[in-house]
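> Return a 3D structure for these sequence lines:
(one chain, ligands or ions: 1)
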Amino acid sequence: MITNKNTPGSFDYIEIQNASANARVALQGGHLFHYQQLHRKPLIWLSGKSPFEKGKAIRGGIPVCWPWFGQHPTDSSLPQHGLARTSLFELIDSQEPDENSTELLLQLQSSAETLSIWPYRFQLLLKITVGPALTLALTTKNSDTKPFTITSALHSYFAIDDIGKVSVQGMDETEYLDLLTNQTLIQRGSIHIDKEVDRVYRKSANTALLLDGTRTVQIRSEGSSSTVIWNPWSDKSKSMSDMEDDSYQTMLCIETANAKQDARTIASGEEHCLKVSLTESV
Ligand SMILES: O=P(O)(O)OC[C@H]1O[C@H](O)[C@H](O)[C@@H](O)[C@@H]1O
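As a prediction, this is how the structure comes out:
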């Protein structure tokens, strides 16, 4: 079942319920902010202090960072993580192929407003499939006459039981850029988090595993060879108005990205798809 809903502040979202899972997707940002398999805990984390306000990004869920990830490369006055996450997408198609699966197709197209921030014509399509797995496929189509270069991320916030028990597998021997120190290092073994972490793993494998002591999540990426791992830890959580002080203990971002050297140049008329598929097992 697909239902149009809105919060008391008139923040529009779509609620999906089928035989295997339920989910919620805001039209602002094409932002999935809830996904939960039947009889399981939510897989995707959402801050209890997240604003649902027009023009402000939701804290949690899977923000679409596009057409740049992080700070704009030349103009730091432009919004962090690009223009998509605060722009209004439209729902252009929805399907319920069987009782276990629901598909939404959302679109953002260039407009006078986007052109004033980023001077290229584009069509951005986000296909979200809610079922036993959660899949997001973000397709960038260049409808301009000149090529453009994007960085981007499907910035997934995972709900976890206890950050102290988390390990992320699949990055052994992978080079990463530590965004906190600007050092390039090599990962040895699994990733464990015991402090603030903000890293871009380069040439990362297509599959990573997140284990938190109670469940395992398989993260399969396509069209991406960079993965961002982020946990703000205690001090930064306290400094962020949209996070609860101890929320760093129950969330971890593992972001399927085209970040840093993994930027993609798309020729006029061409397209690029960044995709992630999440499957949970106990
Ligand atoms: O606060 P936001 O703009 O949502 O960004 C949240 C985080 O996103 C990514 O993980 C970046 O690598 C971090 O540097 C940033 O702090």
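> The residue in the stretch 51-200 of the chain that the ligand sits nearest to in helix, strand or coil?
Using C-beta to the nearest ligand atom, the point where the stretch 51-200 of the chain gets nearest to the ligand is residue 80, with a distance of 4.1 Å. Bear in mind the C-beta positions are built from the backbone N, C-alpha and C, glycine included. When the structure is reduced to helix, strand and coil (DSSP: H, G, I helix; E, B strand; the rest coil), residue 80 reads as coil.
> how close does the residue in the chain that the ligand sits nearest to get to residue 210?
In the chain, no residue comes nearer to the ligand than residue 230, which is 3.2 Å away by C-beta to the nearest ligand atom. Applying C-beta to C-beta, to the nearest Å, one obtains 13 Å for the distance of residue 230 from residue 210.
> Now do stretch 167-177: distance from first to last residue.
Terminal residues of stretch 167-177 are spaced 19 Å apart (C-alpha to C-alpha, to the nearest Å).
> So for it, what gets flagged as buried?
Judged by neighbour count (16 or more other C-beta atoms under 10 Å), stretch 167-177 contains these buried residues: 168, 170-171, 174, 176-177.
> cool, and stretch 105-120?
105-106, 108, 110, 114, 118, 120.
> what about that stretch, average pLDDT?
The average pLDDT for stretch 105-120 rounds to 97.
> got the CA positions of that stretch in PDB?
Taking C-alpha atoms only, stretch 105-120 is exported to PDB below (Å, rounded to 0.1, in the frame of the first residue of the first chain):
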ATOM      1  CA  LEU A 105      10.300   6.500  -8.900                       C
ATOM      2  CA  LEU A 106      11.100  10.100  -7.900                       C
ATOM      3  CA  GLN A 107      12.500  12.800 -10.100                       C
ATOM      4  CA  LEU A 108      14.300  16.100  -9.700                       C
ATOM      5  CA  GLN A 109      14.900  18.200 -12.800                       C
ATOM      6  CA  SER A 110      17.000  21.300 -13.300                       C
ATOM      7  CA  SER A 111      15.000  24.500 -12.900                       C
ATOM      8  CA  ALA A 112      15.800  28.300 -12.700                       C
ATOM      9  CA  GLU A 113      16.500  27.700  -9.000                       C
ATOM     10  CA  THR A 114      19.000  24.800  -9.400                       C
ATOM     11  CA  LEU A 115      20.600  26.600 -12.400                       C
ATOM     12  CA  SER A 116      21.300  29.500 -10.100                       C
ATOM     13  CA  ILE A 117      23.300  27.200  -7.800                       C
ATOM     14  CA  TRP A 118      24.700  24.700 -10.300                       C
ATOM     15  CA  PRO A 119      24.800  25.800 -13.900                       C
ATOM     16  CA  TYR A 120      23.800  22.500 -15.700                       C
END
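> how about stretch 204-222: buried residues?
Buried positions in stretch 204-222, judged by neighbour count with 16+ other C-beta under 10 Å: 204-205, 208-210, 212, 215, 217, 219-221.
> same thing with stretch 222-238?
For stretch 222-238, the neighbour count (16+ other C-beta under 10 Å) marks 223-233, 237 as buried.
> Same question for stretch 77-86.
In terms of neighbour count (16+ other C-beta under 10 Å), stretch 77-86 has its buried residues at 81-86.
> likewise stretch 254-271?
Of the residues in stretch 254-271, those buried under the neighbour-count criterion (16+ other C-beta under 10 Å) are 254-259, 262-264, 266.
> show me which of those neighbour the ligand.
Checked against the ligand using C-beta under 6 Å from any ligand atom, those yield the following neighbours: residue 255.
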